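[1] pasted the sequence and its predicted model underneath.
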Amino acid sequence: MTSALQSVQFSILDRSRVRRGQTHPEALRETVEFARLAEEWGYHRFWVSEHHSVPGVAGSAPTVLAAAAAAATSRIRIGTGGVMLPNHQPLVVAEQFGVLESLYPGRIDMGLGRSVGFTDGVRRALGHGKSDADDFDAQLTEVLEYVGNGRHGVHAWPADGLRVPAFLLATGSGAARAARFGLPLVIAAAAGEDRMVEAIEDYRNEFHPTPWGAQPYVVVSGAVVIADTTDQAHRLLLPEAWSNVYSRTRGEFPVLIPPEDIEAMAMTERERRMFDEALRDHIHGTEDEVTEALEHLVTRTGADEILVHTSTYDRAARLDSHRRLARLTGLGSSARSRSGNRTSAAA
C-alpha cells in the first residue's frame with residue numbers, strides 16, 4: 001500500500017439497492033449483513049441512505065436501518081448518508097440520533113443532507129416541497145442545537161449533551177455551508193474534478209472551527225469497482241448507470257437488472273448520451289488500476305476519507321470488490337490507527 005492511501009480512511013455507503021427478483025425486505029437484510037462484513041474487513045464506517053417511494057431502493061428509514069446495522073456489529077461506526085432534513089422535524093432527528101448514540105455509544109454518525117422527495121407526489125406525501133430546502137440553514141441550526149444543549153428551553157432527550165458527530169453532504173452550496181457551520185464535508189467525486197477540488201479548497205480556506213469540528217475534514221464519496229479485468233469491472237457498473245438513465249427519463253428509480261440485458265438494449269440517442277455520462281466519475285478496473293486511480297484522487301483532493309458506494313446486479317461480485325479494496329488499502333492494519341485521529345470527526 002502506498003503512502004497516499006495510508007493517509008486516508010475507507011468507508012462504505014450502502015443504498016439498499018433492490019435487484020430484479022428480489023424483495024425489499026431481502027435487500028434490507030442484505031444491507032445489515034453487508035455492515036457485518038464491512039466490519040470484518042476493517043472499514044471505518046458503514047452508512048445507509050434515505051429514499052422514499054423508490055422501487056429500486058429499499059432504504060426509506062435510515063435511522064431505523066442504522067439501528068439494525070449497529071445491532072449486528074460491535075466496532076464499526078454506523079451512520080447515515082444521509083438523513084434529509086427538509087423531510088423531517090429537526091427535534092425528531094435529534095431525538096433519533098440521541099437514541100442511537102445512547103444504545104451504541106461512540107459508534108454513531110449523523111450524516112445530514114438537504115434533498116427533498118424525488119417527485120411532486122412524494123414531496124406532497126412527506127408534507128414538504130422544494131421550497132423547504134431553502135430553509136436548510138435554519139433546519140441545520142436547529143438539529144445541531146438540539147443535539148447540543150437544547151433550543152429555547154426544548155431538549156431532545158436523550159440527545160442533549162451527547163457527542164454525535166455530524167457530517168454535511170455537499171449539494172450546491174453545501175461545501176460553503178459546511179465550512180460556515182464547522183462541519184466535516186462529504187462531497188461526491190465528479191467528472192468536473194477541477195470544480196470539486198476548488199470546492200474543497202474553498203471549504204478548507206473558509207472553515208470556521210466550532211464544537212462540531214476543530215479543523216476541516218473531507219470525505220470524498222464515489223463508486224469503486226475492482227475485478228479481474230478492466231472490462232469485467234466496467235460491466236459491473238452498467239446496472240447502476242442504466243438505473244440513473246431510467247430515473248431521469250421516466251421519473252422512477254427501477255430495480256437493478258443484469259448487464260447483459262442492458263447491453264442488448266436499443267437506447268435512444270439521448271439515453272445513450274446519458275448512459276455514457278452516468279458511467280463517468282467511477283473508479284474501476286484491476287487492483288493496480290484502482291490503486292493508481294485512488295492515489296490520484298487522494299493526491300488531488302487531500303481527502304481524509306473515501307466513502308465508497310457501489311451498486312451492481314451481481315451481489316457476489318460487489319462483495320468481492322469491497323473485499324479486494326480492503327485488502328489492497330490495508331484496512332485493519334496499524335496504518336488505520338495512525339490516520340484515525342486527524343480530527344474528532346474521524347473518531
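    Great, that's in hand.

[2] so, low pLDDT: which residues of the chain?
    1-3, 117-120, 128-134, 172, 191-192, 332-347 (pLDDT under 70).

[3] quick check: the residue of it positioned farthest from its centre vs Val93, distance?
    Relative to the C-alpha centroid of the chain, counting by CA atoms, centre = their mean, Gly153 is the outermost residue, at 33.3 Å. The gap separating Gly153 from Val93 is 19 Å, by CB to CB, to the nearest Å. Every C-beta, even on glycine, is put in place using the N, C-alpha and C of the backbone.

[4] cool, and Glu260?
    Using CB to CB, we find Glu260 at a distance of 42 Å from Val93.

[5] before we move on, what about Ala316?
    36 Å.

[6] between the two, tell me which one has more neighbours.
    Val93 (25 against 8; other CB atoms under 10 Å).

[7] what about the residue nearest to that one when sequence neighbours are not counted, how many neighbours?
    Nearest non-adjacent residue to Val93, counting by CB to CB, 6 or more residues apart in numbering: Val143, 5.1 Å away. Taking other CB under 10 Å as the criterion, the count of residues near Val143 is 26.

[8] can you give me the buried ones in the host helix or strand of Val143?
    Taking DSSP states H and E as the criterion, Val143 maps to helix 136-147. By neighbour count on 16 or more other CB atoms under 10 Å, the buried set for helix 136-147 is 136, 139-140, 142-147.

[9] name the helices or strands packed onto the longest helix belonging to the chain?
    Longest helix of the chain, by residue count under DSSP state H: helix 230-250. Judged by 3 or more CB pairs under 8 Å, 6 or more residues apart in numbering; DSSP states H and E, helix 230-250 is in contact with strand 224-226, helix 259-263, helix 269-278, strand 283-285, helix 315-328.

[10] the first one pairs with which strands, and in what direction?
    In this case it means strand 224-226. strand 283-285 (parallel) (DSSP bridges).

[11] surely Phe207 meets Gly182?
    Yes. Contact criterion CB atoms under 8 Å: Phe207 and Gly182 qualify, at 6.7 Å.

[12] find residues that contact each of the two.
    Gly213 (CB atoms under 8 Å, 6 or more residues apart in numbering).

[13] residue boundaries of the helices in the stretch 1-150 of the chain?
    Along the stretch 1-150 of the chain, counting by DSSP state H, counting those that start in this stretch, helices occupy 3-6, 24-41, 62-71, 90-103, 120-126, 136-147.

[14] just put these in a markdown table and tack on distance to Thr171.
    Compiled in a markdown table, these are given as follows (distance: least, CB to CB, whole Å):
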| stretch | distance to Thr171 |
| --- | --- |
| helix 3-6 | 27 |
| helix 24-41 | 23 |
| helix 62-71 | 17 |
| helix 90-103 | 18 |
| helix 120-126 | 16 |
| helix 136-147 | 10 |
